[in-house]
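# Make a model of this:
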Amino acid sequence: MRIYLADLGHNFITVTSDVYPLGVANLAAYANKHVKSDEPIEFEIFREPEELEAAINKAAPDILGVSSYSWNHHLALRMVRYAKEKNADILTIMGGPNFPLTVEEQESWMRTMPEIDIHTRGPTYEGEVAFTNLVQRFVDVDANVDQMFSEPLQKRAHVEDRLKSLIQSRLETFGEHPQGMGRFTRTMFAKDLRRKIEVKTTIN
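From the prediction side, this is the model:
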């Protein structure tokens, strides 16, 4: 099974960011540890839209997951549409902090994007558990998108059967992540790393 995860950025003038897309990397690490499959699962992570497009052209994924932020939502949606045009059987998942907070806004949001099969809730929920549950279900139904909805998904809220789904799951403990970092501990780790870099830079 091939899974592409993308946290895309615009690069018309220059590269938008030289940092690693940690959010989708965490999804891949957690799913890689917890999903049980007889067949190997390959994860690829993308930041540049051109690289994702080239990968889709070369070998379309079974699952395409994209992060939605205010600055890249339309770009992410464009790449999902492109992937669906190449292969309508790709399972498409969207997550990230751009997802609305109220039920009314969530329903409206999901109805406007038929290209997205499933949404995972943000910004107050980590995506690791929800994404891993989805991948496990996809493995269990032999990568059949229609069968994904044959039974209730764990912690699922739906707009209409098969049309839209919202998955809400959370990490229960800080140590549950493969790297031993929950949402808040990851933040503290990043701050500590930044301080060490600043100290080193000052000394030099």
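
# So which helix or strand of the protein has the lowest pLDDT on average?
Across the helices and strands of the chain, mean pLDDT, DSSP states H and E gives its lowest value to helix 183-203, namely a mean of 41.

# remind me which residues of this protein are low pLDDT?
12-19, 122-126, 152-204 (pLDDT under 70).

# For it, which segments count as helices?
Secondary structure of the chain (DSSP state H): helices located at 22-34, 49-58, 73-86, 103-111, 128-140, 183-203.

# wait, which of the ones you listed is closest to Arg2?
With CB to CB, the closest approach to Arg2 among the helices of the chain belongs to helix 49-58: 9.2 Å. Quick note: C-beta positions are derived from backbone N, CA and C, even for glycine.

# Restricting to C-alpha, output the closest one in CSV.
Taking C-alpha atoms only, helix 49-58 is exported to CSV below (Å, rounded to 0.1, in the frame of the first residue of the first chain):
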residue,chain,number,x,y,z
PRO,A,49,3.4,20.6,-5.0
GLU,A,50,5.5,19.8,-8.1
GLU,A,51,7.1,16.8,-6.3
LEU,A,52,3.6,15.5,-5.3
GLU,A,53,2.3,15.9,-8.8
ALA,A,54,5.3,14.1,-10.3
ALA,A,55,4.8,11.3,-7.7
ILE,A,56,1.1,10.9,-8.6
ASN,A,57,2.0,10.8,-12.3
LYS,A,58,4.5,8.1,-11.6
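
# Show me what it is in contact with.
Helix 49-58 is contacted from outside by 4, 6, 8-9, 11, 44, 46, 61, 64, 75, 78-79, 82-83, 86, using CB atoms under 8 Å, 6 or more residues apart in numbering.

# For the helices of the chain, please prepare CSV with the additional fields distance to Arg121.
Output for those, formatted as CSV (distance: least, CB to CB, whole Å):
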stretch, distance to Arg121
helix 22-34, 14
helix 49-58, 24
helix 73-86, 16
helix 103-111, 8
helix 128-140, 7
helix 183-203, 13
